[in-house]
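Chemist: Predicted model and sequence below, questions to follow.
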Amino acid sequence: MNEFSGILSNAARERLGRTEIGEMISLSAKHGAISFGAGEPSPEMFPVEEMSEAIREALREPDVWGYYHDDYGDPSLREWIADRMFRDGLSPSWVSARSILITNGGGEAVNLASGALIDPGAVVLVESPTYTESLLTFRARGAVCVSVPSDDEGIVPEELERIVSYTPARFLYTIPNFQNPSGRTTSAERRVRILDVARRAGIAIVEDDPYHYLSYDGPAPESYLRLAGDDARVIHCSSFSKIVAPGLRVGWMTAPPELEDIFRSLRVSAGLGRPLAIQRGLRRYLDRVDFPGRIERLRSEYRGRRDMMTELCRRYLTPVGVRTNRPGGGFFIWAETPGAREGFSSRDFARRAVERGICVVPGTAFYPSGGGERAFRLSFAKSSGEAMEEGMRRLSRAFADEV
C-alpha cells in the first residue's frame with residue numbers, strides 16, 4: 001500500500017475537508033430524518049420527459065461524439081443565455097455570446113474566477129454568513145477569507161469600506177439575491193454603494209446569482225453586472241440547476257474582455273470542454289419551452305412552499321423563542337435562537353436534532369472564522385405538505401428539549 005501522508009499537497013493536508021452540509025446530509029440518511037438541510041430544487045419540478053427527448057435528439061448529431069473544440073461551450077446555448085440575460089435586464093450591452101463560458105454548474109464558475117484572481121495568501125471578502133462550498137473553493141486556492149458584516153439588507157457598505165481601507169483584497173464574493181444560507185437580498189440602494197466601494201478600492205466582484213429568477217414578491221434588484229455597465233469588474237455566475245435540473249450540471253459565467261483568454265486557458269487546464277450532448281439537448285429544450293411560463297410555475301410552487309414554512313415557523317418555532325425571516329425568493333430561511341440561551345451550539349444541536357428525525361444545517365457551516373453558533377439554515381424547496389409540518393413539529397420539540 002502506498003503511503004501518501006508525506007507527499008500530500010498543502011491544500012489536501014491543511015485546507016480541505018468535508019463540509020458540514022455534507023455531514024448533515026449523510027447523518028440525515030443514516031437516521032431516516034425529514035430533511036430541511038439540502039438546498040436542492042424539488043424533483044417534482046424537473047422537466048424529465050422533455051429533457052430526455054431533447055438529449056436523445058442531440059445524441060443523433062455526429063459531432064457530439066468526438067472532441068469539441070470551442071472551449072467556451074456550445075455557441076447556440078451561449079447565444080441563448082446572452083440574449084436572455086440582456087432581455088431580462090441582467091447584463092450591459094458588452095455581454096455577448098463571446099463573453100459567456102459554459103461551466104459544470106455554478107460552482108465551476110466560482111472556481112474558475114478563483115483560479116484567475118487568487119494567489120496563496122490573497123484576501124477574498126465574503127458575506128457574513130456565506131455559502132460554505134465557495135469557502136472551500138477559496139481555501140483550496142490558498143485564500144484568506146475575510147467576513148464582511150451583513151444584516152437583513154445584505155452587506156453593510158460602511159463595514160465593507162472600513163475593511164478595504166486596511167485590507168488589500170482581490171475580490172468581493174456575494175450572493176446578492178435570496179442568499180444561501182440567509183435568504184437575504186442586498187437592497188438596490190446598497191448595491192450602488194457597494195459597487196462604488198469596489199471601484200474606489202480597485203477590487204472585482206464575483207456575483208453568484210443562481211436564484212435570480214426565483215423571486216416571489218416582485219423582481220429582484222438590478223444585478224451588479226448591469227449596474228457596473230462598461231466598468232467590467234463584475235464576474236457574474238449562474239446556473240440552470242435551480243430553474244431546469246441540477247443533474248444536468250450546466251452553469252455559466254460572464255467573462256470580462258480582459259479575462260477571456262485567461263478563462264479559456266483555465267478551462268483547457270481543467271479538462272477541455274463540457275459534455276456537448278447535454279448542452280445541445282438543453283438548447284433544444286429551451287427553444288421549445290415557454291421560458292417565462294416555466295419560471296412563473298416555479299415561482300408559484302416555491303412561493304407556496306415558502307409561505308407554508310414561514311407559517312409553520314410562526315406556529316412552531318416562535319413559541320420556543322426561535323426567530324426566523326421571510327425571504328423574498330430562493331430556497332432558504334435563516335433561523336436564530338435568542339441570545340439569552342447561554343452555551344447553545346448550533347453544530348451540537350443539529351447533530352442531536354437529526355437523531356430525533358429532523359435535519360437542519362448549523363449556522364457555523366457558513367462562516368470562515370467563527371460565527372453562527374446560534375443560527376441554522378432551513379430549506380423549504382424539497383419539502384411540502386405533511387412532511388414539512390411533521391418536520392417542524394420535530395424541530396420544535398428538539399428546541400423545547402434544549403431549554
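Modeler: Arrived safely.
Chemist: Show me what counts as buried in the helix ranked longest in the chain.
Modeler: Criterion DSSP state H: the longest helix present in the chain is helix 291-312. Within helix 291-312, the residues that count as buried by 16 or more other Cβ atoms under 10 Å are 291, 294-295, 298-299, 301-303, 305-306, 308-310, 312. To be clear about C-beta, it is placed using only N, CA and C from the backbone, and glycine gets the same treatment.
Chemist: mean confidence for that helix?
Modeler: Model confidence over helix 291-312, given as mean pLDDT, is 97.
Chemist: Identify the residues contacting that helix?
Modeler: Applying Cβ atoms under 8 Å, 6 or more residues apart in numbering, the external contacts of helix 291-312 come out as 42, 44-45, 47, 84, 213-216, 243, 324, 326-327, 329, 331, 333, 378, 380-381, 383-384, 388-389, 392.
Chemist: and the next element down the chain from that helix?
Modeler: As assigned by DSSP states H and E, the chain's next helix or strand after helix 291-312 is strand 323-324.
Chemist: Any idea how far the longest helix of the chain is from the middle of the chain?
Modeler: From the chain centre to the centre of helix 291-312 is a distance of 18 Å (Cα atoms, centre = their mean, to the nearest Å).
Chemist: Buried ones among the contacts of helix 291-312?
Modeler: 42, 45, 213-216, 243, 324, 327, 329, 331, 333, 378, 380-381, 383-384, 388-389, 392.
Chemist: Domain-wise, how is the protein divided?
Modeler: 10-46+293-402, 48-289 (automatic domain parsing).
Chemist: returning to what we had before: so which of the contacts of helix 291-312 sit within strands?
Modeler: Using DSSP state E, 324, 333, 378 are the members of those that sit in strands.
Chemist: quick one: residue 369 and residue 147 touch, right?
Modeler: Yes. Counting by Cβ atoms under 8 Å, residue 369 touches residue 147, with 7.0 Å between them.
Chemist: Which of those two has more residues huddled nearby?
Modeler: residue 147 (20 against 10; other Cβ atoms under 10 Å).
Chemist: And the helices in the stretch 201-350 of the chain?
Modeler: For the stretch 201-350 of the chain, the helices defined by DSSP state H, counting those that start in this stretch occupy 224-228, 260-269, 276-288, 291-312, 346-355.
Chemist: how deep is the nearest residue to residue 338 once chain neighbours are set aside tucked in, by neighbour count?
Modeler: Using Cβ to Cβ, 6 or more residues apart in numbering and skipping the chain neighbours, the partner closest in space to residue 338 is residue 321 (4.7 Å). Under the neighbour criterion other Cβ under 10 Å, residue 321 is assigned a count of 15.
Chemist: Quick check, pLDDT for residue 321.
Modeler: 89.
Chemist: Please apply the same query to the one 4 residues further on.
Modeler: At residue 325 the predicted local distance difference test score is 96.
Chemist: How about residue 122?
Modeler: pLDDT at residue 122 comes out at 97.
Chemist: give the contact list for it.
Modeler: Residue 122 sits in contact with 142, 143, 144, 169, 170, where contact means Cβ under 8 Å, 6+ apart.
Chemist: Can you convert these into CSV and add a column each for neighbour count and secondary structure?
Modeler: Putting the contacts of residue 122 into CSV (neighbours: other Cβ atoms under 10 Å; DSSP: H, G, I helix; E, B strand; the rest coil) gives the following:
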residue, neighbour count, secondary structure
142, 16, coil
143, 26, coil
144, 16, strand
169, 22, coil
170, 21, coil
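Chemist: a markdown table for these, including pLDDT and distance to residue 78?
Modeler: Listed next are the contacts of residue 122 as a markdown table, based on pLDDT from 0 to 100; distance: Cβ to Cβ, whole Å:
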| residue | pLDDT | distance to residue 78 |
| --- | --- | --- |
| 142 | 94 | 31 |
| 143 | 96 | 29 |
| 144 | 96 | 34 |
| 169 | 96 | 30 |
| 170 | 97 | 27 |
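Chemist: Tell me which two in those are the farthest apart.
Modeler: 142 and 169 (14.3 Å; Cβ to Cβ).
Chemist: Isn't residue 137 up against residue 106?
Modeler: No. Counting by Cβ under 8 Å, residue 137 stays clear of residue 106, with 11.1 Å between them.
Chemist: quick one, which of those two is more surrounded?
Modeler: Set side by side, residue 137 and residue 106 show more neighbours around residue 106, with 27 against 21, by other Cβ under 10 Å.
Chemist: quick revisit: which one of the contacts of residue 122 is nearest to residue 56?
Modeler: residue 143 (42.3 Å).
Chemist: separation between the closest one and residue 169?
Modeler: Separation of residue 143 from residue 169 (Cβ to Cβ, to the nearest Å): 10 Å.
Chemist: hey, what's in contact with both of those two?
Modeler: 122, 123, 124.
Chemist: Looking at those, which one is closest to residue 23?
Modeler: Minimum distance to residue 23 across the shared contacts of residue 143 and residue 169 is 23.8 Å, recorded for residue 124 (Cβ to Cβ).
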